[in-house]
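Chemist: One predicted model, sequence on top.
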Amino acid sequence: MDLALTDAERAFRGEVRAFLADALSPELRRGAALTSGVFAEPDIARAWQAILEAKGWLVYHWPAAAGGPGWTRIQRWIFEKECAEAGAPVLPGMGLKLVGPVLYTFGSDAQRAEYLPALRSGEHVWAQGFSEPGSGSDLASLRTRAVRADDDYIVSGHKIWTTQAQFANRLFALVRTDPDVKPQQGISFLLIDMAAPGVTVRPILSASGDHELNEVFLDEVRVPVANRVGEEGQGWSIAKFLLENERGGSSFAPQLLADLRRLAEAAGPLVGERADRALRLRLEAQALEMTELRTLIEIDAGAAPDPRSLTTKLIASKIRQGIETLAVDAFGLAGLQLPLERPFYGSDVPPPIHSAEAQVAAARYLNARAWSIFGGTSEIQLSIIAKAALGL
Amino acid sequence: MNIAPSDEQVMVRDMVRRFLADRYDATSMANGPMPAKDWRALGELGLFALLLPESAGGMGGGAMEVMIVAEELGRALAITPLADSVVLCGQVIARSGDAGARWGEPLAQGDAVLAFARGGREEAGVLSGASGIVPGGMAASAFVVALETGGAALVEADASGVARSAVRMVDGSIAADLRFDGARCVPLDIAEADLSVAVTMAELAIVAELVGAMGTLLDLAIDYVRQRKQFGKPIGSFQAIQHRCARLYTVLEQSRSMMLRAALAGDDARGRAVTEAKAYVLDAALRLAEDVVQLHGGMGVTDELAVGRGLRRVLLLSRLYGGGAAARMALAA
Ligand SMILES: Cc1cc2nc3c(=O)[nH]c(=O)nc-3n(C[C@H](O)[C@H](O)[C@H](O)COP(=O)(O)OP(=O)(O)OC[C@H]3O[C@@H](n4cnc5c(N)ncnc54)[C@H](O)[C@@H]3O)c2cc1C
């Protein structure tokens, strides 16, 4: 056994590090550090996406056949680790991490040719239309209907919790194409143009005051049958593939470790009970880092993903929430300020008390509660682990 | 031993509860500070006079009265300056000679709000230095300042040399970032022990507000898991959910016990019992509020439900006066 990077990997890391040192402007770093939601906002995200695409590293996690750089899992991990350490923006995953892999895995040639370049260039901005008011944990019960009419589906329904739909021009959605079979079998996966007549987006304000979430109403929206990915009725297996990517497609630990380190820098040395909490969080994150590494090293060696990969999102959610609670406490009363102006790195925000990091702490705390809810709640993760890893 | 409230105390509780029930529902709970007119109406009902010491023109209500009123406000997730203004500052001015006469009446009526600040130096009746973030400080007519040099002083908010800027806090209340630059103040003739009695009463109020909030949040969660259906049944029928709710109930009852234990303690034992209650309840309340959000799934993190907003209020209350961690450090020392 040997945990050391090879010479080639070390050289690669040096190359990534040098690139990031050069490519990450102070504005991008500041924008990333003062992001209150899960993903960078469009101004920051667009700029960073363009820089990565120009370098050829935007779709670093895609296989070479799909247009990726052809990196090993270890190289991808090194890249993620370096991005986290350097404080790079976290790009919205709906396009790059979720629908992208679906398209190159299940899409037709025509769909790949139309959608993958537009995704990379930033022309298409994607939102994820899975959840509905009555269908959260029980996603398979979804009711949005798609009825065939010649070469179109007529789609009607109500999606909710649609992250960044207010910025998106494309929606990938699960719809019910056959109400008469087992719920899982009647679902299809559609690509919807959000400019189509009948699509309405309504904002949902988070308790933090951020606007990340939306409802999307679909009222007899015409979607060409050519925009269906895979076969009719294949939507559920595509969704399972996608959710696996959402929960474990990239490593969580690097960002958590980097954020812990940055917290101590911004708040000053943590003492007493806070030092103890910071230490416990770091230990948990170090264990997670090794758990993630074990799995991806095995996959690089040709093994199928170990069931332990099902645990990472659950663990990461707890650490993330612990870090954001610690951040609030580390800044004292200044950690409880919560202006309503957004973004936190913008010019409308009032002068911060203590520091900009303190000013964003309460919003980050509130938004981090969602980590144990989105992408499958922690309770659902536990059930999956019990079933799939332990056979219970 | 007798832990039942007296008839008068029950009357007070029912009066506050009715008053708040008319004004707070799922949409208004924890949705910004209580409007000034409602605060004044509570004053007119005699609620603040009840809590103020006799030397400030009040009726000298004790720990039980503070607990009862604060728990009701907490139950409605009302965002008010009760703990700082009426309880803490009220106790201080009542023990500080002339200040009691000047501020007792407006405090009792709900016409004036006082805020409690820490930090600043006094020399020959003049204040300098900074107090940092003072909760409720923008609406305050005057500040009771616990001085760096020991003792306390009272300074009017519009005195020259008092500079404050608004800081919106996580529960939507407006704090002041407060600085003094040669502000004329009235040194308060209050003994250190009396100041700490005042702080103890305010801490009891915060504990009780949190217990009230915990009760409401748990009620909301129980209602929700009864009616929310997934997989064809109410989510409250899943054992994982039942166990979580059951655990929250035990946490609530333990917290209520700590609160009662503190309120019923004799004057000599109250300081320590309140610190113990604070050490226990503040963190228990935040954990409960977080779990209640979790039980609501996506709905829980929105601004639309009382639970998401309630978490904000609980977060703020649970961090006041150093929070639970400071209380535990004090007890362990
Ligand atoms: C910030 C955020 C962003 C999101 N972004 C998107 C997005 O872009 N696109 C999208 O489609 N969706 C998105 N979601 C939705 C998310 O996937 C759902 O919120 C999640 O699946 C939970 O569903 P629900 O909210 O309906 O909660 P419910 O399913 O109603 O769950 C409520 C509670 O019951 C528990 N529960 C449910 N069933 C069981 C069970 N069988 N056993 C034990 N406990 C159970 C849950 O764990 C939870 O605690 C987002 C959510 C959030 C909060």
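Modeler: Good, I have the coordinates. Numbering: from 1, shown residues only, chains lettered A, B, ... in the order given.
Chemist: where exactly do the strands run in chain A?
Modeler: For chain A, the strands defined by DSSP state E occupy A:126-129, A:145-149, A:152-160, A:170-176, A:187-193, A:199-204, A:213-224, A:228-229.
Chemist: Check residue B:333 and give its pLDDT.
Modeler: In this model, residue B:333 is scored at 88, pLDDT.
Chemist: do residue A:1 as well
Modeler: On pLDDT, residue A:1 comes in at 63.
Chemist: Give the full set of residues in contact with the nearest residue to residue A:61 once chain neighbours are set aside.
Modeler: In space, and not counting its chain neighbours, residue A:61 is closest to residue A:76: 5.4 Å by Cβ to Cβ, 6 or more residues apart in numbering or on different chains. C-beta: built from backbone N, CA, C; applies to glycine. Contact analysis of residue A:76 by Cβ atoms under 8 Å, 6 or more residues apart in numbering or on different chains lists A:60-61, A:250, A:296.
Chemist: any idea which of the residues you listed is closest to chain B?
Modeler: residue A:250 (22.8 Å; Cβ to the nearest Cβ).
Chemist: ok, residue 324 - contacts?
Modeler: Chain wasn't specified; assuming chain A. A:361, A:364-365, A:367-368.
Chemist: My question was about chain B, not that one.
Modeler: Residue B:324 sits in contact with B:278-283, B:318, where contact means Cβ under 8 Å, 6+ apart.
Chemist: which one of those is nearest residue A:309?
Modeler: Using Cβ to Cβ, residue B:283 is the member of those that sits closest to residue A:309, with 33.0 Å.
Chemist: Wait, that closest one touches residue B:317, no?
Modeler: No: Residue B:283 is not in contact with residue B:317 according to Cβ atoms under 8 Å; the separation is 11.6 Å.
Chemist: Show me the contact partners of the helix or strand of chain B with the lowest mean pLDDT.
Modeler: In chain B, no helix or strand scores lower on mean pLDDT, DSSP states H and E than helix B:98-109, which sits at a mean of 87. The contact list for helix B:98-109 (Cβ under 8 Å, 6+ apart) reads B:40, B:43-44, B:48-49, B:52-53, B:55-58, B:85-86, B:89-90, B:92-94, B:112-114, B:141-142, B:154, B:186, B:188.
Chemist: Now, of those residues, which are buried?
Modeler: For the contacts of helix B:98-109, a neighbour count by 16 or more other Cβ atoms under 10 Å in any protein chain shown gives the buried set as B:43, B:48-49, B:52-53, B:55-58, B:85-86, B:89-90, B:92-94, B:112-114, B:141-142, B:154, B:186, B:188.
Chemist: Mind checking which of those residues are in strands?
Modeler: B:114, B:142, B:154, B:186, B:188.
Chemist: follow-up on the earlier one: can you mark which positions in the least confident helix or strand of chain B are buried?
Modeler: By neighbour count on 16+ other Cβ under 10 Å, the buried set for helix B:98-109 is B:99-100, B:102-109.
Chemist: closest to residue A:34 among those?
Modeler: Checking the buried residues of helix B:98-109 against residue A:34 by Cβ to Cβ gives residue B:107 as the nearest, at 40.1 Å.
Chemist: So the closest one versus residue B:96, what's the distance?
Modeler: 13 Å (Cβ to Cβ, to the nearest Å).
Chemist: ok, residue 148 - contacts?
Modeler: Chain wasn't specified; assuming chain A. So residue A:148 contacts A:177, A:225 (Cβ under 8 Å, 6+ apart).
Chemist: wait, I meant chain B there
Modeler: If you count contacts by Cβ under 8 Å, 6+ apart, residue B:148 has them with B:119-121, B:129.
Chemist: ok so it is a strand residue?
Modeler: No: using DSSP: H, G, I helix; E, B strand; the rest coil, the assignment for residue B:148 is coil, not a strand.
Chemist: what pLDDT does it get?
Modeler: 93.
Chemist: and if you look at the one 3 residues further on?
Modeler: The predicted local distance difference test score for residue B:151 is 91.
Chemist: I am assuming it contacts residue B:187, so please confirm or correct that.
Modeler: Yes: shown here, residue B:151 and residue B:187 form a contact pair, counting by Cβ under 8 Å, at 6.7 Å.
Chemist: Give the intersection of the neighbour lists for the two.
Modeler: residue B:122.
Chemist: circling back to that earlier point, what's the PyMOL syntax to select whichever of the contacts of residue B:148 are buried?
Modeler: For the buried members of these, the matching PyMOL selection, counting by 16+ other Cβ under 10 Å, is:
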select buried, chain B and resi 119+120+129
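Chemist: quick one, what contacts residue 250?
Modeler: Reading this off chain A. Each residue near residue A:250 by Cβ under 8 Å, 6+ apart is listed here: A:61, A:76, A:80, A:97.
Chemist: give me the number of residues near residue A:57?
Modeler: For residue A:57, the count of nearby residues is 17 (other Cβ atoms under 10 Å in any protein chain shown).
Chemist: separation between it and the ligand?
Modeler: Counting by Cβ to the nearest ligand atom, to the nearest Å, the gap from residue A:57 to the ligand is 25 Å.
Chemist: For the closest residue to that residue other than its chain neighbours, which residues are in contact?
Modeler: Once flanking residues are discounted, residue A:57 sits nearest to residue A:69: 6.3 Å by Cβ to Cβ, 6+ apart. Taking Cβ under 8 Å, 6+ apart as the criterion, residue A:69 is in contact with A:56-57, A:59-60.
Chemist: Run through the residues that contact the residue of the stretch 151-300 of chain B found nearest the ligand.
Modeler: Closest approach between the stretch 151-300 of chain B and the ligand, counting by Cβ to the nearest ligand atom: residue B:297, at 2.2 Å. Applying Cβ under 8 Å, 6+ apart to residue B:297 gives the contacts A:136-137, A:373, A:377, B:228.
Chemist: Of those, which is the nearest to the ligand?
Modeler: residue A:136 (1.8 Å).
Chemist: Could you report the neighbour count for the residue nearest to residue B:142 when sequence neighbours are not counted?
Modeler: Nearest residue to residue B:142, sequence neighbours excluded (Cβ to Cβ, 6+ apart): residue B:156, at 4.8 Å. Applying other Cβ under 10 Å, we find 16 residues neighbouring residue B:156.
Chemist: Double-check residue B:156 against residue B:140; I have them as touching.
Modeler: No: here residue B:156 does not reach residue B:140: they are 9.5 Å apart, not a contact under Cβ under 8 Å.
Chemist: where does the stretch 251-392 of chain A come near the ligand, residue by residue?
Modeler: Applying Cβ under 6 Å from any ligand atom, we find that the stretch 251-392 of chain A lies next to the ligand at A:370, A:373-377, A:379-380.
Chemist: again, only this time at 8 Å
Modeler: Counting by Cβ under 8 Å from any ligand atom, the residues of the stretch 251-392 of chain A close to the ligand are A:367, A:370, A:373-380, A:383.
Chemist: and what of the stretch 51-200 of chain A?
Modeler: Counting by Cβ under 8 Å from any ligand atom, the positions of the stretch 51-200 of chain A adjacent to the ligand are A:94, A:127-131, A:133, A:135-139, A:159-165.
Chemist: do the same with the stretch 101-250 of chain B
Modeler: Close to the ligand, as judged by Cβ under 8 Å from any ligand atom, the stretch 101-250 of chain B has residues B:225, B:228, B:230-231, B:235, B:238-241.
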